[in-house]
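[1] pasting the sequence and the predicted coordinates here, then a few questions.
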Amino acid sequence: MTGTKSILVIGGSSDIGHATALRYAREGWRVTLAARDLEAAQRNADDIRTRSGVEATVQALDVLQTGQLAGFVAGLSALPDTVVCVVGELGDQLRAQTDPELATTIMRTNFEAPSLLLELFAQAFEARGSGTIVGVSSVAGDRGRASNYYYGAAKAGFSQFLSGLRNRLALAGKVRVVTVKPGFVRTKMTAHMKLPAPLTVQPDRVAEDIFGADVMKPRDVIYVARRFWLVMTIICALPEPVFKRMRI
C-alpha cells in the first residue's frame, strides 16, 4: 500500500479521470479531482469513497482560464506526488472548419491549457525534487487525418510538449513525465461514435495502464490499445501521395 501518497486528476469529472483516480485510491493514494463541472466531479468523488474507502476531494478548475492556473497550483494545500491530466475535447471537425471559435476551443483545450498547467507543476516538482506528470494525449496526434485534424493537431502539439518536458526534466533530476496515447475509449465523449471493437478499450483499462506506467513499471510513452501502436506505425509510414487519398 502507498497510503501516504497523493494524486491530483485534472479533468476529474471525465470517465477516464474517474477510473484513474479510483485505481490509485484502491492502492491507498489520497485523491483530489479538479474539474470545471463540480457536480460531476463530486459524484465521482463520492463513488471513489464508497468503492475504495479513501477520501476523495474536489477542487474547481477551468483550464481555459489560463490566467488562474498559477493561482490554482499555488493554492493547493500540498503538492501531489502524481498529477494526471486527462483534459480533452473531441469537438466537431466539420463545424470547426467554419467556426473559428469552436476550432480555437478544441485547440486550447487539448494543447494550450494543459501544457501551460503542466509546466507549472513541472516547475513545482522540480523545485521539490520529485513527482510524476502524466499527460493523456491521443493516437490522433500521430498523423493528421481529414476526419479530426483540429483535435489531432492539438494532441500532436501536446505530445510534443510532453516529449520536450520529459527531456528537460530527465536531464535535471527526479521528475518523470509519462505520455499516454489511448486509441478509442468508450466514454461519454465517444458515446455518439460507432467504435471498432478490436481497437476500443474501457476507461478502467486506461487507468490500469496509467497506474502501471507510473507506479508498477515506469515507462515514458504508452499506447493503451497495443494494436494501435502497429496501426499508427503503418499509417505514419504511408507515403504522402498515398495517404492523402485515403478516407480515414
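    Cool, the structure landed.
[2] make it CA atoms for all contacts and neighbour counts henceforth
    OK.
[3] ok, and for stretch 109-123, which residues are buried?
    109-122 (16 or more other CA atoms under 10 Å).
[4] among those, which are in helices?
    113, 114, 115, 116, 117, 118, 119, 120, 121, 122 (DSSP state H).
[5] and which of the buried residues of stretch 109-123 is nearest to residue 53?
    When those are compared for distance to residue 53 (CA to CA), residue 121 wins out at 27.7 Å.
[6] need the contact list for that closest one.
    With contact taken as CA atoms under 8 Å, 6 or more residues apart in numbering, residue 121 is in contact with 73, 83, 133.
[7] how close does the nearest residue in space to residue 149 that is not next to it in sequence get to residue 146?
    Closest residue in space to residue 149, ignoring its immediate chain neighbours: residue 93 at 7.3 Å, by CA to CA, 6 or more residues apart in numbering. Residue 93 is 9 Å from residue 146, where distance means CA to CA, to the nearest Å.
[8] all the strands of the chain, residue numbers only.
    Ranges of strands within the chain are 6-10, 30-35, 56-60, 82-85, 131-136, 175-181, 184-185, 200-201, 221-223, based on DSSP state E.
[9] need those strands in CSV with mean pLDDT, distance to residue 246 and mean neighbour count, can you?
    Compiled in CSV, those are given as follows (pLDDT from 0 to 100; distance: least, CA to CA, whole Å; neighbours: other CA atoms under 10 Å):
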stretch, mean pLDDT, distance to residue 246, mean neighbour count
strand 6-10, 98, 35, 24
strand 30-35, 97, 38, 24
strand 56-60, 96, 43, 20
strand 82-85, 98, 32, 24
strand 131-136, 98, 27, 24
strand 175-181, 96, 23, 25
strand 184-185, 67, 20, 23
strand 200-201, 70, 22, 18
strand 221-223, 93, 23, 18
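[10] mind putting those into JSON lines with distance to residue 44?
    Output for these, formatted as JSON lines (distance: least, CA to CA, whole Å):
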{"stretch": "strand 6-10", "distance to residue 44": "11"}
{"stretch": "strand 30-35", "distance to residue 44": "8"}
{"stretch": "strand 56-60", "distance to residue 44": "9"}
{"stretch": "strand 82-85", "distance to residue 44": "16"}
{"stretch": "strand 131-136", "distance to residue 44": "19"}
{"stretch": "strand 175-181", "distance to residue 44": "22"}
{"stretch": "strand 184-185", "distance to residue 44": "18"}
{"stretch": "strand 200-201", "distance to residue 44": "20"}
{"stretch": "strand 221-223", "distance to residue 44": "25"}
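[11] rewinding a little: neighbour count winner among residue 93 and residue 146?
    residue 93 (18 against 13; other CA atoms under 10 Å).
[12] got the contact list for the more buried one?
    147, 148, 149, 150, 151.
[13] in helices, which of those residues fall?
    149, 150, 151.
[14] which helix or strand in this protein has the lowest average pLDDT?
    strand 184-185 (a mean of 67; mean pLDDT, DSSP states H and E).
[15] which other residues reach stretch 231-239?
    139, 142, 143, 243.
[16] kindly recompute the last result at 10 Å.
    With contacts defined as CA atoms under 10 Å, 6 or more residues apart in numbering, stretch 231-239 is touched by 139-144, 183, 199, 227-230, 243-244, 248.
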